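>>> Pasted the sequence and its predicted model underneath.
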Amino acid sequence: DKGNHRHFMLKEIYEQPIVVAQTLKSYVRRLDEQVSLPTPDFDLGSIRRVTIVACGTSYYAGMVAKYWFEQFARVPVDLDVASEFRYRAPVMEEGGLMIVISQSGETADTLAALRHARAEGQKIAAVVNVPTSTMAREADLLLPTHAGPEIGVASTKAFTCQLAVLAALAANLARAKGRLNPREEKEVVRHLAEAPAAINGALAYDEAIEAMAHLIAPARDVLYLGRGTDYPLALEGALKLKEISYIHAEGYAAGEMKHGPIALIDENVPVIVIAPSGPLFDKTVSNMQEVQARGGKVVLISDYDGIQAAGDGCMATITMPKVHPLIAPIVYAIPVQLLAYHVAVLKGTDVDQPRNLAKSVTVE
Ligand code: F6R
């Protein structure tokens with residue numbers, strides 16, 4: 001049932017404040033402000049290396065998580081798409097934890113990676129949305145997302161719930177490794193608890209994004225740029241746009257532009273820049289200005305301060321609530337999803353059932 005929404009995708013985008021809150025409820029305790037994961041039958045503190053494997057949007061959630069595991073827990077992280085993982089003879093030593101991330105819990109490549117890692121003696125944690133799925137059954141540590149059934153083929157609410165779980169897992173691992181003191185843990189919990197309201201704040205810009213979609217719909221190619229945890233979001237934005245609107249889109253690390261893709265820039269290639277204000281803002285803005293200096297038309301997604309500082313000269317801006325960098329990837333997922341959605345609606349594509357795609361990819 002789509003409720004009063006035109007598509008499942010839009011309904012699922014709008015469910016995010018609730019399902020992220022629901023998911024967080026099982027991973028953080030508000031009372032004593034601690035992260036609380038199901039207790040694994042192995043010692044998290046003994047984990048020496050993490051391998052994250054997934055496909056598509058779930059892979060981009062894993063890419064955000066890599067930044068968090070390294071930053072908070074100081075654990076080395078290996079990250080790969082599941083279809084490549086086994087074929088490069090990955091080195092997996094004792095004390096390794098594999099984390100698979102999957103909405104369906106059935107994606108064939110991810111499942112094969114899980115089994116390969118198990119055979120190599122790795123502990124397995126599974127972040128899955130379908131609790132009865134094969135991956136859920138085969139994991140040592142099941143970390144469910146509580147997004148509810150996701151019907152739209154393009155993943156939306158599963159992604160933000162995956163990020164919520166992975167942030168809690170990163171904090172838990174950091175604590176187990178003695179890298180997060182109680183005061184820092186409380187701060188992490190407080191920031192995460194702000195996510196649902198911030199997502200609501202982001203949804204309030206839906207109409208503005210819908211109006212802006214007219215600027216993107218005529219394009220043949222679109223670039224997305226981001227730095228740090230906004231880089232995976234740039235990749236996710238490009239994936240969302242291409243899969244439902246059929247516009248060719250690429251995500252790039254903002255600093256990588258000048259190593260090639262900047263040659264594509266002209267007034268016909270809109271560039272979406274994801275740049276919340278924070279420690280990486282100035283660097284990303286200087287990459288954005290390189291684009292503008294070559295006649296590129298930029299859409300800047302930032303908060304009020306960021307747009308005040310750098311919004312002049314942009315074709316359009318999208319104002320997000322000001323949030324802590326930890327939850328920025330969760331909040332900035334919303335404009336990226338809404339933009340793809342509205343462009344697809346303008347183009348008249350089948351938003352919930354894009355051509356050639358299946359909700360669950362059970363062939364390798
Ligand atoms: C993108 C999308 C796909 C899936 C990918 C993995 O919107 O839906 O890229 O993310 O097929 O699927 P799961 O998460 O079920 O393993």
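Cool, got the structure.

>>> near the ligand, anything from the helix or strand harbouring residue 336?
Following DSSP states H and E, one finds residue 336 within helix 328-347. No - judged by Cβ under 6 Å from any ligand atom, helix 328-347 stays clear of the ligand, getting no closer than 9.2 Å. Where you see a C-beta, it was placed from the backbone N, CA and C, and this is true even at glycine.

>>> Give me the helices and strands touching that helix, please.
With contacts defined as 3 or more Cβ pairs under 8 Å, 6 or more residues apart in numbering; DSSP states H and E, the packing partners of helix 328-347 are helix 8-14, helix 157-176, helix 195-203, helix 206-216, helix 230-245, strand 271-274, strand 298-303, strand 316-320.

>>> Please name whichever of the ones you listed is nearest to residue 100.
helix 157-176 (11.0 Å; Cβ to Cβ).

>>> ok now the closest one, how far from the chain's centre?
Centroid separation for helix 157-176 versus its chain: 11 Å, with Cα atoms, centre = their mean, to the nearest Å.

>>> Can you name the next helix or strand after it?
Downstream of helix 157-176, the first helix or strand assigned by DSSP H and E is helix 182-193.

>>> quick revisit: can you pull the buried residues of the helix holding residue 336?
For helix 328-347, the neighbour count (16 or more other Cβ atoms under 10 Å) marks 328-345, 347 as buried.

>>> The stretch 51-200 of the chain: strands as residue ranges?
Taking DSSP state E, counting those that start in this stretch, the strands of the stretch 51-200 of the chain run over residues 77-81, 96-102, 123-128, 141-144.

>>> Present those as CSV; the columns should include mean pLDDT, distance to the ligand and mean neighbour count.
CSV is the format used below for these (pLDDT from 0 to 100; distance: least, Cβ to the nearest ligand atom, whole Å; neighbours: other Cβ atoms under 10 Å):
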stretch, mean pLDDT, distance to the ligand, mean neighbour count
strand 77-81, 98, 10, 18
strand 96-102, 98, 3, 28
strand 123-128, 98, 8, 26
strand 141-144, 98, 13, 20
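
>>> Can you give me the pLDDT of the residue of the stretch 51-200 of the chain found nearest the ligand?
In the stretch 51-200 of the chain, no residue comes nearer to the ligand than residue 56, which is 1.9 Å away by Cβ to the nearest ligand atom. Looking at residue 56, its pLDDT stands at 97.
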